[in-house]
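Engineer: What follows is a protein structure lacking sequence information:
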């Protein structure tokens with residue numbers, strides 16, 4: 001949703017200048033680091049996640065909490081909840097939300113899906129950094145940065161192929177992608193109808209287009225520094241443009257930006273270099289990567305680990321966040337991740353290194369612990385071999401229980417815990433997680449009422465996940481108005497509450513056409 005999503009590394013990030021932590025061969029920053037202490041019953045009896053970590057490249061950003069909030073499900077601009085940002089600027093509700101999260105004990109906030117290209121929005125109302133804003137910074141941006149007392153990163157994103165029709169451009173205008181094509185929602189007739197109705201055929205990015213994209217990320221990062229944020233995060237996951245460049249499924253180019261894994265990573269390394277040349281070294285630069293696309297022909301876990309190795313060797317990155325899936329195959333439970341075995345193209349995709357005892361200790365909740373454990377090990381090896389500082393690793397996806405978070409940190413499976421949806425329901429979530437008296441605390445994980453019915457009527461995956469996104473967006477609306485969450489509100493009810501009437505009618509028209517398509521498809525078959 002907003003700018004720094006909810007990334008929390010139990011503790012708090014301060015903006016003061018500090019002596020950088022030294023990364024020792026073991027990989028952890030030297031200095032005091034108190035971890036979870038478990039009793040004989042494997043129950044966390046005390047957790048003091050307030051470890052102080054200094055990001056090595058920026059050297060001035062200290063994270064004194066291992067809990068971070070990152071809202072990856074909905075962009076900042078899913079501002080239906082925030083007042084329907086017609087101008088692309090942050091709204092009053094963004095400020096209210098981040099003020100509340102800043103008053104909690106999160107170590108880092110990440111405001112997600114701020115678009116660098118106004119013509120390629122991920123959803124109507126996205127917050128976007130326009131060229132005119134870079135010349136004359138609107139006051140709303142300064143207000144947003146000012147209320148973020150916790151260190152905050154702006155997630156810079158380009159929707160690319162996944163930018164729906166009419167989001168920032170005319171209905172018939174093509175989107176841009178590494179290679180020409182249309183977003184695939186599946187092979188069934190109803191899937192193809194949905195893809196045709198919602199998304200344009202994309203055009204292949206030319207060399208000039210790629211140079212423009214690099215410049216958009218560079219100038220947007222510089223803009224965020226001028227506004228007063230502590231850093232930016234490059235959104236290279238979930239099938240958005242930079243993620244599409246990494247994937248052999250969507251990148252079929254025959255030039256320097258395709259054909260091999262090294263070339264597919266090139267645009268991201270070029271963006272890192274461009275940003276580092278334009279901002280002070282104290283400015284934090286993070287990156288969000290998929291551990292796997294969880295789909296046949298996409299990025300595998302083995303390829304993702306190699307990408308991390310190359311990024312660490314290249315240098316310039318303070319923090320790597322790990323997530324998984326794409327817009328059309330987004331995991332909502334650990335079973336969604338393990339079910340990708342049927343589509344795995346590498347043994348690494350399905351290999352489990354955990355014992356049954358470890359799985360029980362972690363509560364079986366975190367999605368990508370097998371991958372992050374390997375990633376931490378690889379990052380340490382590369383840092384020692386090359387002399388480059390080791391970026392911190394953050395794992396976002398599935399964490400709900402205090403014991404599961406503690407186990408992941410104490411087992412050295414991650415440096416930071418990222419929380420998204422749980423933070424949409426409780427502005428004081430981190431305080432409760434850090435309270436040593438609440439040893440059995442777990443985040444709220446409600447089922448969204450009504451989603452199952454829509455999944456039955458319109459069996460297109462993005463319909464169900466889209467309703468969940470809107471439902472959590474509605475909860476953020478309530479939080480921004482200082483109201484408690486509405487857990488009994490149905491999926492359709494949240495749509496009514498979040499969208500203007502004319503948008504509801506257009507959405508219902510699309511849903512009706514999809515429903516007719518389902519009936520026709522089943523009749524034909």
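Structural biologist: Thanks, I have the structure now. Nothing here was measured: the structure is a model prediction, and the numbers come from that model.

Engineer: give me phi/psi at residue 401?
Structural biologist: For residue 401, the backbone dihedrals are phi -100, psi 150 (criterion: degrees, to the nearest 10).

Engineer: and the gap between the closest residue to residue 115 other than its chain neighbours and residue 168?
Structural biologist: What sits nearest to residue 115 in space, not counting adjacent residues and going by C-beta to C-beta, 6 or more residues apart in numbering, is residue 128, at 4.0 Å. Where you see a C-beta, it was placed from the backbone N, CA and C, and this is true even at glycine. Distance, residue 128 to residue 168, by C-beta to C-beta, to the nearest Å: 8 Å.

Engineer: the more surrounded of these two?
Structural biologist: More crowded of residue 128 and residue 168, by other C-beta atoms under 10 Å: residue 128, with 26 against 20.

Engineer: contacting residues for that one?
Structural biologist: By C-beta atoms under 8 Å, 6 or more residues apart in numbering, residue 128 lies in contact with 77, 88, 114, 115, 116, 117, 118, 121, 168.

Engineer: residues making contact with stretch 173-181?
Structural biologist: Residues outside stretch 173-181 that contact it (C-beta under 8 Å, 6+ apart) are 119-120, 159-163, 169, 199-205, 209, 241, 244-245, 250-253, 257-258.

Engineer: for the contacts of residue 128, which one is nearest residue 288?
Structural biologist: residue 114 (12.7 Å; C-beta to C-beta).

Engineer: Give me the neighbour count for that closest one.
Structural biologist: Applying other C-beta under 10 Å, we find 28 residues neighbouring residue 114.

Engineer: Confirm for me that it is in contact with residue 127.
Structural biologist: Yes: Residue 114 is within contact range of residue 127, at 5.1 Å (criterion: C-beta atoms under 8 Å).

Engineer: Just the buried ones among the contacts of stretch 173-181, please.
Structural biologist: Applying 16 or more other C-beta atoms under 10 Å to those, the neighbour count classes 119-120, 159-163, 169, 199-200, 202, 204-205, 241, 244-245, 250-251, 253, 257-258 as buried.

Engineer: still on that earlier bit, give me the common contacts of residue 128 and residue 168.
Structural biologist: Common contact partners of residue 128 and residue 168 (C-beta under 8 Å, 6+ apart): 115, 117, 118, 121.

Engineer: Now intersect the contacts of stretch 173-181 with the strands, please.
Structural biologist: Among these, the residues falling in strands (DSSP state E) are 203, 204.

Engineer: Next, residue 289: secondary structure please.
Structural biologist: strand (DSSP: H, G, I helix; E, B strand; the rest coil).

Engineer: show me the contacts for it.
Structural biologist: 236, 237, 304, 307, 308, 320, 321, 322, 323 are the contacts of residue 289 under C-beta under 8 Å, 6+ apart.

Engineer: again, 10 Å this time
Structural biologist: Listed by C-beta atoms under 10 Å, 6 or more residues apart in numbering, the contact set of residue 289 reads 234-237, 242-243, 246, 268, 299, 304, 307-308, 311, 320-324, 375.

Engineer: so residue 427 touches residue 482, yeah?
Structural biologist: Yes: using C-beta atoms under 10 Å, residue 427 is in contact with residue 482, at 9.0 Å.

Engineer: Of these two, which one has the most company?
Structural biologist: Neighbours of residue 427 and residue 482, each counted by other C-beta under 10 Å, are more numerous for residue 427; the result is 19 against 9.

Engineer: contacting residues around that one?
Structural biologist: Residue 427 neighbours (C-beta under 10 Å, 6+ apart): 96, 97, 99, 100, 101, 102, 103, 104, 479, 480, 482.

Engineer: Repeat the analysis, applying 8 Å as the threshold.
Structural biologist: Applying C-beta under 8 Å, 6+ apart to residue 427 gives the contacts 100, 101, 103, 104, 479.

Engineer: check which helix or strand covers it.
Structural biologist: Under the criterion DSSP states H and E, no helix or strand holds residue 427.

Engineer: how far away is it from residue 270?
Structural biologist: According to C-beta to C-beta, residue 427 and residue 270 sit 38 Å apart.

Engineer: Same question for residue 162.
Structural biologist: Residue 162 is 22 Å from residue 270, by C-beta to C-beta.

Engineer: Setting aside sequence neighbours, what's the nearest residue to residue 486?
Structural biologist: Leaving aside its chain neighbours, residue 486 sits nearest to residue 478 (6.1 Å; criterion: C-beta to C-beta, 6+ apart).

Engineer: How about residue 223?
Structural biologist: Computed as C-beta to C-beta, 6+ apart, the closest residue to residue 223 that is not its neighbour in sequence is residue 134, at 5.1 Å.

Engineer: Do you have the strands of the stretch 51-200 of the chain handy? List them.
Structural biologist: 53-54, 62-65, 67-69, 109-115, 152-157, 176-177 (DSSP state E, counting those that start in this stretch).

Engineer: Now the weakest link among those strands, please, by mean pLDDT.
Structural biologist: Mean pLDDT values for the strands of the stretch 51-200 of the chain show the minimum at strand 62-65, a mean of 52.

Engineer: Doesn't residue 445 lie inside a strand?
Structural biologist: No: the assignment for residue 445, made by three-state DSSP, is coil rather than a strand.

Engineer: what residues are up against the closest residue to it other than its chain neighbours?
Structural biologist: The shortest distance from residue 445 to any non-neighbouring residue, by C-beta to C-beta, 6+ apart, is to residue 400 (5.4 Å). Residues counted as contacts of residue 400 (C-beta under 8 Å, 6+ apart) are 363, 365, 422, 442, 443, 445.

Engineer: coming back round to it: of all the shared contacts of residue 128 and residue 168, which comes closest to residue 389?
Structural biologist: residue 115 (29.7 Å).

Engineer: Could you pull up the residues touching that closest one?
Structural biologist: Residue 115 makes contact with 75, 77, 88, 121-122, 126-129, 157-159, 168 under the criterion C-beta under 8 Å, 6+ apart.

Engineer: That one pairs with what?
Structural biologist: Here residue 115 sits in beta bridges with residue 128, residue 157, going by DSSP bridges.

Engineer: And residue 251, what's its pLDDT?
Structural biologist: Among the per-residue scores, residue 251 shows a pLDDT of 94.

Engineer: Over to residue 344?
Structural biologist: Residue 344 is assigned a predicted lDDT (pLDDT) of 41.

Engineer: next one: residue 485
Structural biologist: Model confidence at residue 485, given as pLDDT, is 90.

Engineer: Quick one: neighbours of it, just the number.
Structural biologist: Residues lying near residue 485 (other C-beta under 10 Å) number 17.

Engineer: With residue 87 instead?
Structural biologist: Counted by other C-beta under 10 Å, the residues lying close to residue 87 total 13.

Engineer: got the contacts of residue 115 as a markdown table, with distance to residue 382 columns?
Structural biologist: Formatted as a markdown table, the contacts of residue 115 follow (distance: C-beta to C-beta, whole Å):
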| residue | distance to residue 382 |
| --- | --- |
| 75 | 32 |
| 77 | 36 |
| 88 | 38 |
| 121 | 36 |
| 122 | 32 |
| 126 | 35 |
| 127 | 35 |
| 128 | 35 |
| 129 | 32 |
| 157 | 27 |
| 158 | 27 |
| 159 | 31 |
| 168 | 38 |
